[in-house]
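1. Have a look; sequence and predicted model below, questions after that.
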Amino acid sequence: IAAALHDFKHPGVNNGFLVATGHRLAVLYNDSSVLENMHLAEAFDVMRTVPGCNVLERLPPAVRAEARDTIIQMVLATDMK
């Protein structure tokens, strides 16, 4: 799951560019793992709002929370900084 969403809605520029230009995403994510945080937020929003897209919804709550945390950690680890 993390591999599938780690570049979801990628704008085609890197974190350094977004921070240097003061892009709204850099401001939103406080210049920290900007793209990685955006990929996660956008993907989890789709899971939350689009029927049939929440691949975690049938998991027990504790397992769902652990899976979400693991996915977040894995995607944030793709920040090459």
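-> Arrived safely. Residues are numbered from 1 along each chain as shown.
2. Was I right to think Leu5 contacts Thr78?
-> No: Leu5 is beyond contact range of Thr78, at 10.6 Å (criterion: C-beta atoms under 8 Å). To be clear about C-beta, it is placed using only N, CA and C from the backbone, and glycine gets the same treatment.
3. And the two? Which one has more around it.
-> More neighbours surround Leu5 than the other of Leu5 and Thr78, with 18 against 14 (other C-beta atoms under 10 Å).
4. mind listing what the more buried one touches?
-> Residues in contact with Leu5 (C-beta atoms under 8 Å, 6 or more residues apart in numbering) are His39, Leu40, Ala43, Ile71, Val75.
5. I figured the fourth one was touching Leu40, is that so?
-> This points to Ile71. Yes: the criterion here is C-beta under 8 Å, and Ile71 meets it with Leu40 at 7.5 Å.
6. Could you find the closest non-adjacent residue to His39?
-> Phe8 (4.7 Å; C-beta to C-beta, 6 or more residues apart in numbering).
7. How many neighbouring residues does that neighbour have?
-> 16.
8. In which helix or strand does it reside?
-> Assignment of secondary structure by DSSP states H and E places Phe8 within no helix or strand.
9. quick one: contacts for it?
-> So, once contact is read as C-beta under 8 Å, 6+ apart, Phe8 ends up touching His39, Glu42, Ala43.
10. So it versus Pro61, what's the distance?
-> For Phe8, the distance to Pro61 (C-beta to C-beta, to the nearest Å) stands at 24 Å.
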